[in-house]
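make a model of this:
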Amino acid sequence: MTSHSGQSSREELQARRRALASAARIEKNRLAHGPGIVEALSHATLDELSLTDFHAGMKPPFCLQWPPKIENAPGLLAAYVNKQRAIQVAICIQATLQQTGGLLGIHGNEYLGFADVKAVNTPGLVVACEAAIDSVIFFPHDFHGAIVFDCYEGLPGNTPFSVLIQGLQLEELLAHCL
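Prediction:
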């Protein structure tokens, strides 16, 4: 018969092993895929970025609502647009927000995390999401919200981009851009 403390110790050991395995998997993915993603994200900033600028495990300052179908996302949305339209939206955002800093990363990427950048070149977010073939997310420091540029190559035609803005203050300020 196993004592309660023996079972508790075994459960704690198993939990520690799972945490170590998860940390090893995250580090392996970070080293394998991180440099390419950092290179893609470098298009969106005036800063020199390196893998060490990104902090895995950093919690985003805003909880983005990302439903399975982007067209059901709350906030301001331009879904399935071409690159020219995505760049037009980005230029409008840039003109409105100016060069603002914030957290930059890939939405839902646990092994890369976010970099705190001094200034984002918003049209560069379009280039970054296209290079990463993923959802680039930016949390501007001066606003409670998020700006996402997404590129999804699986769409037929020439409309692989989507732009999503969430956060009441950002939505009100940038409504004219979408």
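
okay, CA-based contacts and neighbour counts for the rest of this
Fine.

hang on, isn't Tyr152 packed against Ala131?
No. Contact criterion Cα atoms under 8 Å: Tyr152 and Ala131 do not qualify, at 10.8 Å.

sec struct for the closest residue to Ala146 other than its chain neighbours, please.
Leaving aside its chain neighbours, Ala146 sits nearest to Phe139 (4.7 Å; criterion: Cα to Cα, 6 or more residues apart in numbering). With DSSP: H, G, I helix; E, B strand; the rest coil as the basis, Phe139 sits in strand.

strands of the chain, start to end?
Counting by DSSP state E, one finds strands in the chain at the ranges 54-55, 76-81, 102-106, 114-117, 135-140, 146-151, 161-166.

for my notes, please list the ones you listed in CSV and give mean pLDDT and distance to Cys177 for each entry.
Shown next, in CSV, are those (pLDDT from 0 to 100; distance: least, Cα to Cα, whole Å):
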stretch, mean pLDDT, distance to Cys177
strand 54-55, 90, 29
strand 76-81, 94, 9
strand 102-106, 94, 20
strand 114-117, 94, 23
strand 135-140, 95, 16
strand 146-151, 96, 12
strand 161-166, 96, 10
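
need those in TSV with distance to Leu125 and mean neighbour count, can you?
Listed next are the strands of the chain as TSV, based on distance: least, Cα to Cα, whole Å; neighbours: other Cα atoms under 10 Å:
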stretch	distance to Leu125	mean neighbour count
strand 54-55	17	19
strand 76-81	15	19
strand 102-106	10	23
strand 114-117	13	22
strand 135-140	7	26
strand 146-151	6	26
strand 161-166	10	25
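
distance to Trp66 added to those, as CSV?
Formatted as CSV, these follow (distance: least, Cα to Cα, whole Å):
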stretch, distance to Trp66
strand 54-55, 22
strand 76-81, 12
strand 102-106, 13
strand 114-117, 18
strand 135-140, 11
strand 146-151, 10
strand 161-166, 9
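
thanks again, I'm all set now.
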